[in-house]
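[1] need a 3D model of the sequence below.
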Amino acid sequence: MDDTLKRYMKEMVSKSCGTDVDLSLLNNPNLEADRFTQDFIMKLTNLSTLLNDVTTITRAECKGEIPRFDSCDVPAIGASAKSCLPKFNITHDVLPYDMVKYVVAHSYDQDMIDCNKFGPKIKDIAMEMLMTSWANSMEYAAILGDEDIPTGDDFSNGNNLLGVNDGWLKIAGNETPAAQVIDAAGKGPSSALMMAARKALPPRYRRNRGDYRFIGGPGLNDWWTESQGGRLTAAGDQALATGNGGRIWGNEVYEVAQWPEHLDYSGEEVTHMLFTPLSNLVHMVQRKLNFKTEYDFTCDRYLTVGFFKQDFLIADPDAVVLVKNVDLCNTADPYAGCNESPADGCAISHNPLA
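    Residues are numbered from 1 along each chain as shown. Prediction:
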């Protein structure tokens, strides 16, 4: 295991346990190495707000099944029916997963270490920057992944990040029941649209609607905050002061910074939205991390490479409402309603529902 990674693990253990740890135990794949690797994976996902809030499951196996249980039977009936007892059958189902291999890498030369004021600490700074970018890439894959994107040596890093596995938007587009898909067709957000999403839930899920979130990008949250800020009420004052519009119809608007908002729909820029509990979005990660830094003397350069495996699932597609093709700037008064946010030169954009 790379020395920089060992330092991270040692720091985490010392903060959590208050004692030092013999890092030679990292050579035992069944004891400390396994625990440290899982801690590192959790530290990595914690750098992404979205991945930190969804359900993360680690497994040793690359491929397998997660058990699911359900029942639609009525367990209680009137005692007048004496011919038989009520039937309450629990159905057993599985949610299959098949993790996909990803690679992360960065490099720097000896001059970068020798010719900067941080000295050797630049290695730790580079590692922190790598981890942040790594977490951002994992989040992009989780949201925008689409196996229909071409991949290979002739295509961009963005293609090779998104094209190897379907993300949550693509899965929602494929698996959400048709009655629970709302196509805004380029119309703007409104309280009526949000209520339509709430009403689209099947009755069996409505008792838990308080756990649901309107999951989308900053533009969705800004629209709601701005609409609240115009109210001459205490809620309006709070929205103006805090930038938080609060709940709409009892549900939180959950902002994901990297959520796509510049997707094309007949010449309009649109976004999509999921209405579901965050716990319904599942991030599978293999409990194994191959990570190493090597020095190439011929190039006077360090190269750090890591391999990891992950998959994305929606635990219960019936508990999802998909709202697609929402134009965040389509209002009666274009300027008062919205200023379109500029496209980010560093952002990865793709429309899995095109």
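[2] can you name the next helix or strand after the lengthiest helix in the chain?
    Counting residues, the longest helix in the chain under DSSP state H turns out to be helix 122-144. Downstream of helix 122-144, the first helix or strand assigned by DSSP states H and E is helix 157-162.
[3] sketch out the strands for this protein, chain order is fine.
    For the chain, the strands identified by DSSP state E occupy 55-59, 63-70, 91-98, 100-109, 181-183, 213-216, 252-255, 263-265, 268-276, 281-286, 290-296, 301-314, 321-326, in order along the chain.
[4] distance to Asp146 and mean neighbour count added to these, as JSON lines?
    In this view, the C-beta of every residue, glycine as well, is placed from N, C-alpha and C. Formatted as JSON lines, the entries for the strands of the chain read as follows, by distance: least, C-beta to C-beta, whole Å; neighbours: other C-beta atoms under 10 Å:
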{"stretch": "strand 55-59", "distance to Asp146": "22", "mean neighbour count": "16"}
{"stretch": "strand 63-70", "distance to Asp146": "21", "mean neighbour count": "12"}
{"stretch": "strand 91-98", "distance to Asp146": "16", "mean neighbour count": "12"}
{"stretch": "strand 100-109", "distance to Asp146": "13", "mean neighbour count": "14"}
{"stretch": "strand 181-183", "distance to Asp146": "17", "mean neighbour count": "16"}
{"stretch": "strand 213-216", "distance to Asp146": "18", "mean neighbour count": "25"}
{"stretch": "strand 252-255", "distance to Asp146": "22", "mean neighbour count": "20"}
{"stretch": "strand 263-265", "distance to Asp146": "12", "mean neighbour count": "17"}
{"stretch": "strand 268-276", "distance to Asp146": "13", "mean neighbour count": "24"}
{"stretch": "strand 281-286", "distance to Asp146": "16", "mean neighbour count": "23"}
{"stretch": "strand 290-296", "distance to Asp146": "26", "mean neighbour count": "13"}
{"stretch": "strand 301-314", "distance to Asp146": "11", "mean neighbour count": "19"}
{"stretch": "strand 321-326", "distance to Asp146": "14", "mean neighbour count": "24"}
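[5] in PDB, could you pull the C-alpha coordinates for stretch 104-119?
    Written as PDB, here are the backbone C-alpha positions of stretch 104-119 (Å, rounded to 0.1, in the frame of the first residue of the first chain):
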ATOM      1  CA  VAL A 104      -8.000   6.800 -11.100                       C
ATOM      2  CA  ALA A 105      -4.500   8.200 -11.700                       C
ATOM      3  CA  HIS A 106      -2.400  11.300 -11.300                       C
ATOM      4  CA  SER A 107       1.300  12.100 -11.700                       C
ATOM      5  CA  TYR A 108       3.800  14.800 -10.800                       C
ATOM      6  CA  ASP A 109       7.500  15.200 -11.400                       C
ATOM      7  CA  GLN A 110      10.400  15.800  -8.900                       C
ATOM      8  CA  ASP A 111      10.600  19.400  -9.900                       C
ATOM      9  CA  MET A 112       7.100  20.000  -8.500                       C
ATOM     10  CA  ILE A 113       8.400  18.800  -5.200                       C
ATOM     11  CA  ASP A 114      11.800  20.600  -5.300                       C
ATOM     12  CA  CYS A 115      10.600  23.900  -6.600                       C
ATOM     13  CA  ASN A 116       7.600  24.800  -4.500                       C
ATOM     14  CA  LYS A 117       7.400  26.400  -1.100                       C
ATOM     15  CA  PHE A 118       5.500  23.400   0.400                       C
ATOM     16  CA  GLY A 119       8.300  20.900  -0.300                       C
END
